[in-house]
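[1] coordinates for the following, if possible.
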Amino acid sequence: MAKKLTEDAVRDKARDILGFKDKDGVRSGVGQLTTFNQLGFAGVADKPDGWYLPDNHADTAIVLETKASYITLGDKQVDEVLKNVKIVQEQYGNVVGILYNGDDTRVFKGEIEFQGNGSNILHNLEYYISLFNKEHIDKEYIYELTAKINNCLHFEFGIKNLYHRMIFTACALVAKRYDALMVKGMDYSEFHNAILNCLNKELMRDKRQNQKLSLLSDVFSEIRMNLNVDSEDAKEQQRVKDLIGQFIDWVSDISDCLNSDAWRGEDVMGIFFNEFNRYKKKSEAGQIFTPEHITDFMYRILEVNKDDRVLDACCGSGGFLVKAMANMIQEAGGLQTDKAKEIKSSQLFGIEYDREIYALACANMLIHKDGKTNLEQMDARTETSGKWIAKQNVTKVLMNPPYENKYGCMKIVENVLDNVPAHTMCGFVLPDKKLEKASKAQMKRILKHHRLRKVIKLPEDVFFNVGVTTSVFIFETGIPQDKNEFFACWMESDGLATVKNKGRHDVYNKWSAIEDKWVDIVMKQSGDDTCQWVNPEEHLSYQMPQKPFEIFEEDFRKTAMDYIMFQKGIDTKDFGEKLLERAMYSSCVSADDDVVTVTMQKGDDSDGKD
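    Numbers count the residues shown, from 1 in each chain. Predicted coordinates for the structure are as follows:
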């Protein structure tokens, strides 16, 4: 049984967690001796238990009300904290009220109770300050910025390689994230060196980060462009500076969104990478980049939570890991919580083989200042990677491995299944019939040790640009399939529409409701006509329903006519052409209500076959 805390002990505990103490530009502290009058609220003798009052009254203020741990936080206690909130609102537009008894927490954003993720836990100061930050990111604006960046790098900077354009932009975002000096008026040399120097400066930080940044700076240095940076012509020099200034503005705007507390992972980064990737079907290493809404759907159907340790052994540019990071942090209470730092540093694991794509994944993580996300450049098919996976104590797997056999698709799947702990739920996006086309020996081996639990056939146009239809295959590791059936269903549509030159987007805002519906169906394993239970000894995929066999009177007539003409030696094709010609040009057509009559006179052909 937890030890009961006095109100003084609860107040001290709150002070330590919140970090309430005076500092430049802020009056802050806890206690029951200081009145509101002494804090600048003239004539108010009430004494708050804790306060955070910035000198800038446009900033967020916080007022704390504490109770002993044996006191329930009910209506009476709420009235007390709201009274103090109203006092502080006389001078501050944004006020957060916190009611805390050492175990439970109630939070008030102004006079309205806030019930967001993690609101029942006392967080650090930054969490509460962020409650008044913007709650929405303009995705369309990010699309516009990313398209401008891509076109500028392609046509003005002359960077022809798609991934080099992505890496160039990602490095600029990393440099911006780490406060590199990038300002309008720079020439290209100054701009290039600002990014490179920032990357190299960060090499002095942590060892894991050193390896990532070393590779990132190497790849960045290798990028070549067709831009006349050495011209002595003043107009050309100014044109280059203007282009660089535009690029800096665009990158800064994207960086502001990434650093915002409104960030939800792929809401921004997915836009960034998907916008570039729509110009290329897949990389030379076989990667097919997973659309954002599918990464989110898989996160939900595998029931990933803030305490999971997530692996993507073919992480590409990091889409699954960034989405997992965003959702886990949101569940934990936001970017400013201590749990967010733990998630970034020790709960996300990725492997990528391709050097340039690995550099992108590193940049993707570094943009969010995690620095310690466990990414490795290695071959996910190998024993070495298997041993690395086995050390990470993975609890969930989210993956979209390369589909072709030459890249070892099923070897990767088997290696992952064999090296994560028993009872780990693993989700793989694979072609619909991939398991059935794998070797019988391999599937026998896989199903001897792991159980296929669910197959969700995805809409057929999800990967429209590569011409492949896919399903999500969910395995539970460490238990044999035996003869146990698996659940399967078919999400026929995701509600997205194809927008000219922009790919597929949720232009009609249908996806949210569709996602909720299908998450519910997958969880309950019922609720839709497409649901089925499949015998693994017969099939290892969703079975498309067969159309019922139907036969009509016209079918009999056609068969009989074909037989008579065959007996008489009449060429059916020639006969059909002559019949059509006569019907169109040598006939009398009359209509009576719904009946159309075509009358033809016998022709003069000598063979008498008309």
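
[2] give me the number of residues near Gly495?
    16 (other Cβ atoms under 10 Å). The way it works is simple: take the backbone N, C-alpha and C, and place the C-beta from them, glycine included.

[3] list the buried residues in the one helix or strand Ala14 maps to.
    Using DSSP states H and E, Ala14 sits in helix 7-18. In terms of neighbour count (16 or more other Cβ atoms under 10 Å), helix 7-18 has its buried residues at Glu7, Val10, Arg11, Lys13, Ala14, Arg15, Ile17, Leu18.

[4] dump the residue contacts of the nearest residue to the fifth one once chain neighbours are set aside.
    Using Cβ to Cβ, 6 or more residues apart in numbering and skipping the chain neighbours, the partner closest in space to Ala14 is Tyr100 (5.4 Å). The contact partners of Tyr100, taken as Cβ atoms under 8 Å, 6 or more residues apart in numbering, are Val10, Ala14, Leu64, Glu65, Thr66, Lys67, Arg106, Leu122.

[5] those in helices, which ones?
    Val10, Ala14 (DSSP state H).

[6] in a markdown table, list the contacts of Tyr100 along with pLDDT.
    Formatted as a markdown table, the contacts of Tyr100 follow (pLDDT from 0 to 100):
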| residue | pLDDT |
| --- | --- |
| Val10 | 92 |
| Ala14 | 91 |
| Leu64 | 94 |
| Glu65 | 94 |
| Thr66 | 94 |
| Lys67 | 93 |
| Arg106 | 93 |
| Leu122 | 90 |
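
[7] tell me which of the contacts of Tyr100 is nearest to Asp307?
    Among the contacts of Tyr100, Leu122 lies closest to Asp307 (Cβ to Cβ), at 18.4 Å.

[8] any idea how far that closest one lies from Thr66?
    According to Cβ to Cβ, to the nearest Å, Leu122 stands 10 Å off from Thr66.

[9] with Phe487 instead?
    To Thr66, Phe487 is 49 Å away according to Cβ to Cβ.

[10] looking at the two, which is more packed in?
    With neighbours defined as other Cβ under 10 Å, Phe487 and Thr66 compare such that Thr66 has more, 29 against 20.

[11] do you know how far the more buried one is from Trp51?
    For Thr66, the distance to Trp51 - Cβ to Cβ - is 12 Å.

[12] can you list residues touching both of the two?
    Common neighbours of Thr66 and Trp51 (criterion: Cβ under 8 Å, 6+ apart): Val30.

[13] just the buried positions in stretch 474-485, please.
    Buried residues in stretch 474-485 (16+ other Cβ under 10 Å): Ile474, Phe475, Glu476, Thr477, Gln481.

[14] isn't the first one up against Glu303?
    No - in this structure, Ile474 is not within contact of Glu303 by Cβ atoms under 8 Å, at 10.6 Å.

[15] now for those two: what residues contact both?
    Common contact partners of Ile474 and Glu303 (Cβ under 8 Å, 6+ apart): Met425.

[16] spatially nearest residue to Val44 (excluding sequence neighbours)?
    For Val44, the closest residue by Cβ to Cβ, 6+ apart turns out to be Phe36, at 3.7 Å.

[17] common neighbours of Leu122 and Thr66, please.
    Taking Cβ under 8 Å, 6+ apart as the criterion, Leu122 and Thr66 both touch Ala14, Tyr100.

[18] so which helix or strand takes in the nearest residue to Thr498 once chain neighbours are set aside?
    Spatial nearest neighbour of Thr498, excluding adjacent residues (Cβ to Cβ, 6+ apart): Arg504 at 5.3 Å. Element membership of Arg504, judged by DSSP H and E, is strand 503-505.

[19] which residues does Asp307 contact?
    Here Asp307 is in contact with Gln347, Thr395 (criterion: Cβ under 8 Å, 6+ apart).

[20] so that it lines up with my notes, have the first residue be 798 from now on.
    Let's use 798 as the start, then, which means that last one is Asp1104.

[21] got a pLDDT number for it?
    On pLDDT, Asp1104 comes in at 95.

[22] got the domain ranges for the chain?
    The record's domain parsing of the chain by automatic domain parsing lists 804-929, 936-1056, 1083-1331, 1350-1397.

[23] Val1252 pairs with what?
    Val1252 has these beta-bridge partners by DSSP bridges: Phe1270, Ala1285.

[24] contact partners for it?
    Shown in contact with Val1252 (Cβ under 8 Å, 6+ apart): Ser1268, Val1269, Phe1270, Ile1271, Phe1283, Phe1284, Ala1285, Cys1286, Val1331, Leu1337, Ser1338, Tyr1339.
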